[in-house]
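Engineer: Here is a sequence together with a model predicted from it:
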Amino acid sequence: MLKKSLIARLSLLFFTVALINSVLFWVATGSNQMRLIAEKSTLHVQHELMVFRQHLNEFFKTNPTPFDTKFFQNQKTSKKFGTFIQEIQNKNKDLIESILISDNSGKLLFDVDLNNKEKSVTPEDLQSIIKSIRLRDAKNETFFSRSDVGRYQISVFLPLSNIGETTLVLKLVYSMQSMREEYYRLIRLGVFVIGILLIIQIALAFFLYRLLIAPLRKLEKAAIIVGQGEYAHIGGFEKRVDEVGVLVVTFNRMSADIRDQKAIIQKNYEELKHRDEVMKHELMIAERIQRTIFPKDTDEQKLALYYRPLYAVSGDYYDVFNYPDGSMGFLICDASGHGVPAALLTMMAKSSFANQVHQISDPGELMSVVNQQIADSLELSGQYLTAFYIRIYPDGNALYCNANHPSSLLVSADKAEASKLDSSGFYIGMMREVPFPFETRTTHLAPGQLLILYSDGITEAKNANDELFGESRLQTYAAEQFGKSPQEVCQKIRDRLSEFCPDDKLNDDVTLLVISTQK
């Protein structure tokens with residue numbers, strides 16, 4: 001989500017930038033200013049220390065008394081020195097907080113403290129005293145200073161004289177309240193600058209929100225609306241010539257195109273729905289018309305039928321003919337393709353065979369004449385028929401012709417055996433002049449035998465493993481049903497086919513005729 005990613009990331013980015021700016025400001029400016037303040041305070045202390053030493057030299061010129069421990073044991077000299085120190089401290093009471101003198105062993109000899117605190121030489125002071133003496137002796141440095149930042153004080157240790165192994169050291173404690181005020185002023189300046197930086201960052205963030213985030217959020221909401229199938233338009237950014245303006249204009253154009261396409265699709269859907277309803281109605285009529293071409297009155301003792309069209313209308317066609325001499329003719333056809341074109345072809349076959357079958361007794365000649373009639377309409381169109389026709393006479397003799405149709409099966413009455421009835425013959429309707437003639441063959445049907453006519457919708461059915469049902473499987477199943485009635489055989493083959501390939505998985509029209517040769 002945009003709210004949980006982009007805005008959060010930008011906010012974190014601005015916070016990080018502000019923090020980095022503050023740190024850089026303090027490192028680059030604050031630390032340098034603090035160093036300058038410290039240096040300024042140190043120089044000021046050095047100047048005051050020089051002034052104090054001048055006053056001290058003047059005191060010793062006017063009082064040429066040895067400056068040692070006895071000096072402070074003498075009340076007269078000690079009092080006189082104390083008056084001198086008190087005058088100096090009174091002149092610099094805002095600067096000098098305390099003055100004390102001790103020897104290098106840490107013994108306190110003299111002290112003056114404006115805060116009237118009891119003074120003593122601390123271990124830290126003793127370390128500084130020793131260090132100041134060493135610096136004077138080793139590096140000729142006249143004093144040693146120690147800063148106390150927490151109290152804003154600088155303690156200066158000044159070695160005075162050496163009397164044998166004893167060295168007197170003067171300690172001056174200077175107040176750096178001015179440095180504290182400058183520190184506070186620096187901190188206030190830092191806070192002010194950081195505040196200004198934060199204000200600038202917030203203003204920049206608001207500017208970027210108006211410039212980038214606001215249109216993206218509107219674009220997000222509009223995209224959700226469009227994703228739900230509704231029309232959305234983003235206004236207020238059309239005059240912008242940057243990437244955001246181009247993106248918004250493109251989105252608005254895309255949304256309008258989707259709206260227009262949706263309207264066109266809806267219109268086409270309504271038209272297709274209407275046409276589908278009309279087509280369904282027409283197919284229902286076509287189905288009813290096609291069913292009128294199939295024979296209605298059949299002897300169920302002699303013939304069993306399984307007929308399943310793939311669609312409403314079928315490309316399979318069968319017929320039964322009764323002749324005056326007592327013979328019967330059985331015809332099965334399969335038109336190329338499926339649906340309406342194939343169904344129309346079966347109507348042509350019905351008309352042609354019905355007109356010729358009572359005039360021509362020879363099956364091969366019948367196929368030839370029908371081929372010429374249908375080829376006049378279908379030649380070079382790619383449409384054709386396969387057909388099998390057999391005429392059975394009362395004495396059991398039969399004439400048949402196979403026009404490239406799956407071979408019919410003749411099942412023995414007394415043993416599990418099924419033979420094929422086949423003959424040479426070309427497709428019907430593909431061309432007027434066929435490459436080889438339609439052949440008529442003869443056979444004899446004994447009582448109790450079964451004749452099975454079928455379309456390739458059975459043998460070309462496929463199971464889940466893409467395996468064909470095949471002619472050999474059909475021939476085996478048919479042979480196993482010897483001695484049974486046509487209805488039993490038809491149902492058994494139908495059951496085996498459904499087990500192999502469910503009805504909803506069939507991909508062609510299915511026709512199965514089982515005919516008994518019993519009188």
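Structural biologist: Structure received.

Engineer: if you go through the stretch 151-300 of the chain in chain order, where are the helices?
Structural biologist: Assignment of helices within the stretch 151-300 of the chain using DSSP state H, counting those that start in this stretch yields the ranges 177-208, 214-227, 243-291.

Engineer: could those be laid out in JSON lines, adding distance to residue 89, mean neighbour count and mean pLDDT?
Structural biologist: (C-beta placed from N, C-alpha, C; glycine too.) Compiled in JSON lines, these are given as follows (distance: least, CB to CB, whole Å; neighbours: other CB atoms under 10 Å; pLDDT from 0 to 100):
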{"stretch": "helix 177-208", "distance to residue 89": "16", "mean neighbour count": "14", "mean pLDDT": "75"}
{"stretch": "helix 214-227", "distance to residue 89": "69", "mean neighbour count": "15", "mean pLDDT": "80"}
{"stretch": "helix 243-291", "distance to residue 89": "73", "mean neighbour count": "13", "mean pLDDT": "81"}
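
Engineer: For those helices, could you give me CSV that also reports distance to residue 409?
Structural biologist: Rendered in CSV, the data for these read as follows (distance: least, CB to CB, whole Å):
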stretch, distance to residue 409
helix 177-208, 85
helix 214-227, 61
helix 243-291, 26
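
Engineer: Which of those helices sits closest to residue 43?
Structural biologist: helix 177-208 (11.6 Å; CB to CB).

Engineer: So what's the gap between the closest one and the chain middle?
Structural biologist: Shown here is helix 177-208, whose average C-alpha point lies 45 Å from the average C-alpha point of the whole chain (CA atoms, centre = their mean, to the nearest Å).

Engineer: for the helices of the stretch 151-300 of the chain, which one sits closest to residue 237?
Structural biologist: Among these, if distance is taken as CB to CB, the winner is helix 243-291, at 4.2 Å.

Engineer: Now that residue 215 has come up, it's in contact with residue 234, right?
Structural biologist: Yes: because the distance of 7.3 Å satisfies CB atoms under 8 Å, residue 215 is recorded as touching residue 234.

Engineer: Between these two, which contacts overlap?
Structural biologist: Overlap of the contact sets of residue 215 and residue 234 (by CB atoms under 8 Å, 6 or more residues apart in numbering) consists of residue 248.

Engineer: which residues of the stretch 401-519 of the chain fall in strands?
Structural biologist: According to DSSP state E, counting those that start in this stretch, the stretch 401-519 of the chain carries its strands in the segments 408-411, 418-421, 441-444, 450-454, 510-516.

Engineer: Just put these in CSV and tack on mean pLDDT.
Structural biologist: Putting those into CSV (pLDDT from 0 to 100) gives the following:
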stretch, mean pLDDT
strand 408-411, 91
strand 418-421, 88
strand 441-444, 93
strand 450-454, 92
strand 510-516, 91
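
Engineer: what's the pLDDT at the nearest residue to residue 406 once chain neighbours are set aside?
Structural biologist: Closest residue to residue 406 in three dimensions, ignoring its sequence neighbours and counting by CB to CB, 6 or more residues apart in numbering: residue 456, at 5.2 Å. Residue 456 carries a pLDDT value of 90.

Engineer: how about residue 456, what does it touch?
Structural biologist: Under the criterion of CB under 8 Å, 6+ apart, the contact list for residue 456 reads 334, 386, 406, 508.

Engineer: Now for those residues, which sits with the most neighbours around it?
Structural biologist: Taking other CB atoms under 10 Å as the neighbour criterion, residue 334 ranks highest of the contacts of residue 456 with 28 neighbours.

Engineer: helix or strand right after the helix or strand hosting it?
Structural biologist: Of the helices and strands defined by DSSP states H and E, residue 334 is found in strand 328-335. Where DSSP H and E defines the elements, the next helix or strand beyond strand 328-335 is helix 339-356.

Engineer: which strands and helices sit next to that following helix?
Structural biologist: In terms of contacts (3 or more CB pairs under 8 Å, 6 or more residues apart in numbering; DSSP states H and E), helix 339-356 is packed against helix 243-291, strand 316-322, strand 328-335, helix 363-378, strand 385-392.

Engineer: relative to strand 316-322, how tilted is the first one?
Structural biologist: Put simply, helix 243-291 runs at 10 degrees to strand 316-322, going by axes from the mean of the first three to the mean of the last three CA atoms, to 10 degrees.

Engineer: any idea how far helix 243-291 is from the chain center?
Structural biologist: Averaging C-alpha positions (CA atoms, centre = their mean) puts helix 243-291 29 Å from its chain's average.

Engineer: now the third one
Structural biologist: For strand 328-335, the separation from the chain centroid amounts to 59 Å (computed by CA atoms, centre = their mean).

Engineer: Just checking: what are the partner strands of it?
Structural biologist: Paired strands of strand 328-335, with direction, are strand 316-322 (antiparallel), strand 385-392 (antiparallel) (DSSP bridges).

Engineer: Only alpha carbons, please: show the first one as CSV.
Structural biologist: Output in CSV follows, covering the C-alpha atoms of strand 316-322 (Å, rounded to 0.1, in the frame of the first residue of the first chain):
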residue,chain,number,x,y,z
ASP,A,316,-24.3,-39.2,-38.4
TYR,A,317,-27.2,-40.6,-40.3
TYR,A,318,-28.8,-44.1,-40.5
ASP,A,319,-31.8,-45.5,-42.3
VAL,A,320,-33.7,-48.7,-42.7
PHE,A,321,-35.4,-49.7,-46.0
ASN,A,322,-38.1,-52.4,-46.6
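
Engineer: and it, which residues are buried?
Structural biologist: 316, 317, 318, 319, 320, 321 (16 or more other CB atoms under 10 Å).
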